[in-house]
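Undergrad: Got a predicted structure plus its sequence, pasted below:
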Amino acid sequence: MNEAAAASSWITIIGTLITTVGTVLVALITSKTRRDQKNIQREAEDNAEDNKKEILGAIDELQAGLNNNSRVTVANARAVIGRIYAEHKDQKRISAQTWSQIMELHDAYKGVKIDGHTPNSWCDQLVEEMKTWEKL
């Protein structure tokens, strides 16, 4: 065999060897990637229940905070309406602007739900009485 043919054979052998090694490396990397993906998926599934419990706990905390905020809102509305009533009950007169603000506040007050219930109290009676007052 001449030198050119021998060199060509060696080049073919080396090329085949490099292609084979490359194919094996790609197979190993792909296999590792699939294994990693399955492990990640399995870990996510294992943590899903814990995550769900954590999220539900956070929702409960937010709801409790909103409920407390609603109680404060109702208490503030009652206080403001009661104060305005007390200030004007003798004259039975109120400015149109103040009356408008009372109505907005009362609407907000009635729009609040605490434990699924709309607040009702003497505050409603005060507003009903103020409806009969002279508006300036």
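TA: Noted; the coordinates are in hand.

Undergrad: What about residue 37, how many residues nearby?
TA: 10 (other CB atoms under 10 Å). In short, each C-beta sits where N, CA and C put it, glycine included.

Undergrad: Per-residue confidence, it, what does it come out as?
TA: Model confidence at residue 37, given as pLDDT, is 72.

Undergrad: now it: how far from residue 30?
TA: 11 Å (CB to CB, to the nearest Å).

Undergrad: same thing with residue 39?
TA: Residue 39 sits 15 Å away from residue 30, taking CB to CB as the criterion.

Undergrad: got it, and residue 22?
TA: Taking CB to CB as the measure, residue 22 and residue 30 are separated by 12 Å.

Undergrad: Next: residue 94.
TA: Relative to residue 30, residue 94 is positioned 79 Å away (CB to CB).

Undergrad: And the two? Which one has more around it.
TA: Set side by side, residue 94 and residue 30 show unequal neighbour counts under other CB under 10 Å, the larger going to residue 94 at 21 against 10.

Undergrad: would you put the C-alpha positions of stretch 102-111 in CSV?
TA: What follows is stretch 102-111, C-alpha atoms only, in CSV (Å, rounded to 0.1, in the frame of the first residue of the first chain):
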residue,chain,number,x,y,z
ILE,A,102,-72.0,61.0,54.8
MET,A,103,-73.8,59.1,52.0
GLU,A,104,-70.5,58.0,50.4
LEU,A,105,-69.2,56.9,53.8
HIS,A,106,-72.4,55.1,54.6
ASP,A,107,-72.4,53.3,51.2
ALA,A,108,-68.8,52.2,51.8
TYR,A,109,-69.8,51.1,55.3
LYS,A,110,-72.7,49.0,54.0
GLY,A,111,-70.4,47.6,51.2
